[in-house]
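**Student:** Following is a predicted model, sequence given first.
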Amino acid sequence: MAATVLNEAQQELLRMMAVFNTPEAVGDLKQAISDYFAKKTEDEIDKMWETGTMTEEKVESFRTLHERTPYK
């Protein structure tokens, strides 16, 4: 089995995990991480609207978008 090499950010997160020893603390951490990525996503979407990459027409086109993998 191949060894997994962790980058510096992953190693730092593992060091920080030592203090999360209750289900509530883990839940709080999960919420904080979720909030972080939600904010990043919101910022990116806002930027898309400001630059014109995202428009009302494009949003409307999502209503009929079908990207499922066709299975036989």
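**Tutor:** Ah, there it is.
**Student:** Could I get the phi/psi values of Lys39?
**Tutor:** Note on Lys39: backbone dihedrals following degrees, to the nearest 10 are phi -70, psi -40.
**Student:** and it, how many neighbours?
**Tutor:** A count of nearby residues for Lys39, using other Cβ atoms under 10 Å, gives 10. Bear in mind the C-beta positions are built from the backbone N, C-alpha and C, glycine included.
**Student:** How about Leu29?
**Tutor:** Using other Cβ under 10 Å, Leu29 has 15 neighbouring residues.
**Student:** Distance from the worst-scoring helix or strand of the chain on mean pLDDT to the middle of the chain?
**Tutor:** None of the helices or strands of the chain scores lower by mean pLDDT, DSSP states H and E than helix 8-16, at a mean of 91. Helix 8-16 sits 18 Å away from the centroid of its parent chain (Cα atoms, centre = their mean, to the nearest Å).
**Student:** what's next to it, contact-wise?
**Tutor:** With contacts defined as Cβ atoms under 8 Å, 6 or more residues apart in numbering, helix 8-16 is touched by Leu6.
**Student:** repeat that with 10 Å
**Tutor:** Residues outside helix 8-16 that contact it (Cβ atoms under 10 Å, 6 or more residues apart in numbering): 4-6, 29, 33.
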